[in-house]
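# Give me coordinates for this.
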Amino acid sequence: MRLTRFTDVALRVLMRLAVVENEDPPTTREVAAAMRVPYSHTAKVVARLQHLGLVEARRGRNGGLTLAPGGRTASVGGLVRELEGPGDVVECEGATPCPLRSACRLRGALREAAEAFYATLDPLTVAELVASPTGPLLIGISAGRPPGD
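Prediction:
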């Protein structure tokens with residue numbers, strides 16, 4: 001299974017915000033630059049994370065992005081499910097429907113495999129994603145230092 005770029009960026013934004021909680025809140029533009037993601041894409045991700053109640057954004061001179069209270073404890077599996085949305089791993093009913101769709105066992109097996117993938121991520125939280133060695137690396141990236149320095 002492969003995550004969409006949107007979900008990937010969302011998880012990285014949450015991880016970035018989880019390690020800078022005691023600093024001045026970064027702007028969306030700063031997070032985009034640190035994560036090497038286009039600003040416009042990052043802005044869409046931040047808007048979705050705000051809608052989910054995981055990120056708070058303040059405008060103005062003292063503005064920036066912060067994790068909402070539940071952001072650190074959010075389940076990675078739940079986040080991925082929400083961001084990826086419903087749907088099957090394969091498209092059986094698309095513009096050219098699969099001729100096996102009425103009696104295919106693959107679709108059910110793939111649905112079950114996808115659920116096992118999510119279930120593996122369910123107990124993992126955003127806070128756990130930034131535990132060492134990831135957190136210190138993210139802090140270095142946040143400070144503008146190259147990875148590994």
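# Below-threshold pLDDT in this protein: ranges please.
Low-confidence segments of the chain (pLDDT under 70): 21-22, 133, 135-136, 138-149.
# In it, what residue spans correspond to helices?
5-19, 28-35, 39-51, 76-84, 106-121, 126-129, 134-142 (DSSP state H).
# Could you dump these into CSV and include mean neighbour count and distance to residue 61?
Where you see a C-beta, it was placed from the backbone N, CA and C, and this is true even at glycine. Output for the helices of the chain, formatted as CSV (neighbours: other CB atoms under 10 Å; distance: least, CB to CB, whole Å):
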stretch, mean neighbour count, distance to residue 61
helix 5-19, 20, 20
helix 28-35, 19, 15
helix 39-51, 17, 19
helix 76-84, 18, 31
helix 106-121, 13, 38
helix 126-129, 17, 28
helix 134-142, 16, 20
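# I'd like those as JSON lines, with distance to residue 92 appended.
Putting those into JSON lines (distance: least, CB to CB, whole Å) gives the following:
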{"stretch": "helix 5-19", "distance to residue 92": "22"}
{"stretch": "helix 28-35", "distance to residue 92": "35"}
{"stretch": "helix 39-51", "distance to residue 92": "28"}
{"stretch": "helix 76-84", "distance to residue 92": "18"}
{"stretch": "helix 106-121", "distance to residue 92": "6"}
{"stretch": "helix 126-129", "distance to residue 92": "33"}
{"stretch": "helix 134-142", "distance to residue 92": "38"}
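# nearest to residue 96, of these?
Within the helices of the chain, the stretch nearest residue 96 is helix 106-121; the backing value is 15.5 Å (CB to CB).
# Need the residues that contact that closest one.
1, 75-77, 80-81, 88-90, 92, 100-101 (CB atoms under 8 Å, 6 or more residues apart in numbering).
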